[in-house]
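Peer 1: Structure for the following, please:
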Amino acid sequence: MKDKFYAYIQKLQDTITAKLEEVDGEAKFKEDIWKRPEGGGGRTRVIENGAVFEKGGVNISGVHGALPESMQNYFGVKDADFFACGLSLVLHPKNPMVPTVHANWRYFEMYDKEGNIVDQWFGGGQDLTPYYLFDDDAIHFHSICKKACDLHSSEFHKTYKKKCDTYFWNAHRNEARGLGGLFFDYCKATNEMKMQDWYNFVTEVGNSFLEAYVPIVEKRKVIEFTTEQKKWQEIRRGRYVEFNLVHDKGTLFGLKTNGRIESILMSLPPQVQWVYDHHPKEGSEEEKLIKVLETPKDWV
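Peer 2: Numbering: from 1, shown residues only. A predicted model of the protein is given here:
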């Protein structure tokens, strides 16, 4: 399963980066092959200063070795080894009318000292973080997510949409990071869902990503924007940074397993502002977004 899924994310990385270069029309992804001293490595691809994407990354990795003590304590195991692979992407557009997007699809195995698999699971999801609220965009993104889920279970979309709203919640701000999407983790074999079934589901969601995001980019990238709207984007990017550094489990896992710091922090935007006690004007488009972030809604 690990070989099969790693081969899948290699191909998916190629598909996604090729399409995004086409959408940008100017910038190309820079590739960085790296190795992890403890075992494994990855292929980082970063795009910067493009016509559409100010900064973004589409990264894959496959790492293995002894599970660090901090993670052994987290999982409640002793002397375990692990393998983890996944594709993680974040795209920060230049135009504040185009939303930031994040997606991740991953697979994990844990072994005893004899090399036997003692646990394995899939995880992942995709979520949208706009700076200006266009209902059509939110409906489109969530509709594609629902379509991918419904092919595997009528319960998946409702369950994983709710998990997404709960997970991507900036508790210290009492607001969502964005408009959500899907979030699933610890997807393990059961009587109803074998590991192959989970593989089929996760790859379905992965394959839906471009359909969910690219039409939104194409529609909004041509809209003119003001300096004030750019400032608002940078203030909201600050909330994105706060979530990734304070709450995100993927970031914390990478830091605790001696992950490659450049790949882990590629999710951070290039230009950010923190303005003291900032509040949008009453009745403004900016306030309209904040009200939705305070109370996540069902878009489909």
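Peer 1: rest of the way, CA atoms for contacts and neighbours
Peer 2: OK.
Peer 1: Once you drop chain neighbours, what's closest to Q72?
Peer 2: K78 (6.0 Å; C-alpha to C-alpha, 6 or more residues apart in numbering).
Peer 1: Tell me if I am right that the one you found is in a strand.
Peer 2: No: going by DSSP: H, G, I helix; E, B strand; the rest coil, the assignment for K78 is coil, not a strand.
Peer 1: burial count for it?
Peer 2: Neighbours of K78 under the rule other C-alpha atoms under 10 Å: 14.
Peer 1: Disregarding residues adjacent in the polypeptide, which is nearest to A189?
Peer 2: M195 (5.2 Å).
Peer 1: again, but for R106
Peer 2: Per C-alpha to C-alpha, 6+ apart, closest to R106 is G86, 3.9 Å.
Peer 1: Also I139?
Peer 2: In space, I139 is closest to W299, 5.3 Å off (C-alpha to C-alpha, 6+ apart).
Peer 1: quick one: the residue nearest to R106 is in a helix?
Peer 2: No: with three-state DSSP as the criterion, G86 is located in strand rather than a helix.
Peer 1: show me what contacts it?
Peer 2: Residues in contact with G86 (C-alpha atoms under 8 Å, 6 or more residues apart in numbering) are 6, 9, 60-62, 104-107.
Peer 1: Going along the chain, name the strands of the stretch 101-250 of the chain.
Peer 2: 117-129, 169-170, 175-176, 180-187 (DSSP state E, counting those that start in this stretch).
Peer 1: From the chain's centre, how far out is the second one? Work that out for me.
Peer 2: Its chain's C-alpha centre and that of strand 169-170 lie 15 Å apart, by C-alpha atoms, centre = their mean, to the nearest Å.
Peer 1: and what of the third one?
Peer 2: With C-alpha atoms, centre = their mean as the basis, strand 175-176 stands 16 Å off its chain's centre.
Peer 1: give the contact list for the nearest residue to V217 once chain neighbours are set aside.
Peer 2: Ranked by C-alpha to C-alpha, 6+ apart and with sequence neighbours excluded, the top spatial neighbour of V217 is V98, at 5.8 Å. Counting by C-alpha under 8 Å, 6+ apart, V98 touches 130-131, 216-217, 220-221.
Peer 1: In the stretch 1-150 of the chain, where is pLDDT below threshold?
Peer 2: Residues of the stretch 1-150 of the chain meeting the criterion pLDDT under 70: none.
Peer 1: R43: neighbouring residues, count only.
Peer 2: 18.
Peer 1: From S263, how far off is it?
Peer 2: Here the criterion is C-alpha to C-alpha, to the nearest Å. By it, R43 lies 9 Å from S263.
Peer 1: Tell me the residues that contact both of these two, please.
Peer 2: Common contacts of R43 and S263 (C-alpha under 8 Å, 6+ apart): N59.
Peer 1: Quick check, pLDDT for A212.
Peer 2: Reading off the confidence values, A212 has pLDDT 98.
Peer 1: hang on, D112 packs against V118?
Peer 2: Yes: contact criterion C-alpha atoms under 8 Å: D112 and V118 qualify, at 6.5 Å.
Peer 1: ok so, going back, can you put the contacts of V98 in JSON lines and add distance to I139 and neighbour count?
Peer 2: Below are the contacts of V98 laid out as JSON lines (distance: C-alpha to C-alpha, whole Å; neighbours: other C-alpha atoms under 10 Å):
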{"residue": "P130", "distance to I139": "13", "neighbour count": "22"}
{"residue": "Y131", "distance to I139": "16", "neighbour count": "24"}
{"residue": "I216", "distance to I139": "11", "neighbour count": "20"}
{"residue": "V217", "distance to I139": "14", "neighbour count": "22"}
{"residue": "R220", "distance to I139": "15", "neighbour count": "16"}
{"residue": "K221", "distance to I139": "18", "neighbour count": "21"}
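Peer 1: and these, which of them are in helices?
Peer 2: Mapping those onto helices (DSSP state H) picks out 216-217, 220.
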